[in-house]
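*Asks:* Following is a predicted model, sequence given first.
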Amino acid sequence: MIVNVTINQWWEALSSAHQVFWFISIVFSVLFFIQFVLLLIGLDGDAGDGLDVHVESPELETDFSALSLRSIIAFFTFFGWTGVLILGNQLSVWVAVISATIAGLAAMFIVAYLMYKFAQLEQSGTLNLYHALDQPGEVYLSIPAHKSGQGKVHVMIDGVVREMDAVTDGEMLKTGEAVRVVEILDNNTLKVEIKSRLQESTKIQLS
């Protein structure tokens with residue numbers, strides 16, 4: 001009971017801003033610890049706001065996103081503790097907010113980058129892109145003409161539909177167009193052509 005009274009007195013002596021930072025730091029530290037334990041035992045699934053979702057496709061996980069659940073939890077964990085430390089040193093609330101935001105953003109991008117690199121390493125050991133050669137696919141994000149930029153395609157590789165970066169030598173390929181993989185380029189990028197164009201080319205060669 002004495003301990004409870006002491007904690008209550010300590011809490012009430014804090015400013016409102018200090019209480020907010022303490023609340024954020026404690027809550028998100030607990031979430032950070034839980035997520036870390038789940039990751040160690042292999043039960044971690046990064047379900048976010050739709051920008052970084054755990055799915056069957058390893059390629060989807062290799063898209064760099066700073067707005068995953070892991071990175072958001074890291075942001076608020078470091079945001080909270082930085083604010084606690086700044087206000088604990090009797091500095092202003094604005095200094096605490098700015099410093100906490102910088103620390104949180106740094107933690108968020110570091111975690112996002114580390115998970116991006118881990119996913120790339122995992123994919124490189126399990127995915128054989130050469131199994132995608134001559135496979136049919138569908139344009140997911142429009143592919144600019146004449147290799148002037150990258151789009152994305154959904155293509156079947158080893159029995160699983162994967163989302164891959166893609167370029168084309170021909171005209172722009174719009175979302176929904178049927179394509180076929182004709183070459184594997186650097187950085188896990190596929191070169192594709194529209195199906196009908198390939199079929200016409202094959203007919204010409206056969207004739």
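*Replies:* Okay, I see it.

*Asks:* export stretch 179-197 as CSV, just CAs?
*Replies:* C-alpha atoms of stretch 179-197 as CSV (Å, rounded to 0.1, in the frame of the first residue of the first chain):
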residue,chain,number,x,y,z
VAL,A,179,2.1,-10.9,-70.2
ARG,A,180,4.8,-13.5,-70.4
VAL,A,181,8.3,-13.5,-68.7
VAL,A,182,11.0,-13.4,-71.4
GLU,A,183,14.2,-12.6,-69.3
ILE,A,184,15.5,-12.4,-65.8
LEU,A,185,17.4,-9.1,-65.2
ASP,A,186,19.4,-7.8,-62.3
ASN,A,187,17.9,-6.9,-58.9
ASN,A,188,15.2,-9.6,-59.2
THR,A,189,13.5,-7.7,-62.1
LEU,A,190,11.7,-9.5,-64.8
LYS,A,191,11.5,-8.4,-68.5
VAL,A,192,8.0,-9.2,-69.9
GLU,A,193,6.2,-8.8,-73.1
ILE,A,194,2.5,-8.8,-73.8
LYS,A,195,1.2,-12.3,-74.6
SER,A,196,-0.4,-11.5,-77.9
ARG,A,197,2.8,-9.8,-79.1
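
*Asks:* And the strands in this protein?
*Replies:* Secondary structure of the chain (DSSP state E): strands at 136-141, 151-157, 160-167, 178-184, 189-194.

*Asks:* Could you give me the buried positions within stretch 133-149?
*Replies:* 135, 137, 138, 139, 140, 143 (16 or more other CB atoms under 10 Å). (Each C-beta comes from the backbone N, C-alpha and C, glycine too.)

*Asks:* Turn the residues you listed into CSV, columns for distance to residue 81.
*Replies:* Shown next, in CSV, are those (distance: CB to CB, whole Å):
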residue, distance to residue 81
135, 49
137, 46
138, 46
139, 45
140, 40
143, 44
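
*Asks:* Just give me the longest helix of the protein.
*Replies:* As assigned by DSSP state H, the longest helix anywhere in the chain is helix 93-126.

*Asks:* Rounded mean pLDDT for that helix, please.
*Replies:* Helix 93-126 shows a mean pLDDT of 82.

*Asks:* Now do that helix and strand 160-167, the angle between them.
*Replies:* Put simply, helix 93-126 runs at 110 degrees to strand 160-167, going by axes from the mean of the first three to the mean of the last three CA atoms, to 10 degrees.

*Asks:* how does the protein divide into domains?
*Replies:* For the chain, the structural domains run 2-126, 130-206, going by automatic domain parsing.

*Asks:* tell me how far the longest helix of the chain is from the chain's mean position?
*Replies:* 10 Å (CA atoms, centre = their mean, to the nearest Å).

*Asks:* coming back round to it: a markdown table please, covering the strands of the chain and showing mean pLDDT and distance to residue 96.
*Replies:* Shown next, in a markdown table, are those (pLDDT from 0 to 100; distance: least, CB to CB, whole Å):
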| stretch | mean pLDDT | distance to residue 96 |
| --- | --- | --- |
| strand 136-141 | 92 | 41 |
| strand 151-157 | 89 | 41 |
| strand 160-167 | 87 | 41 |
| strand 178-184 | 92 | 51 |
| strand 189-194 | 91 | 44 |
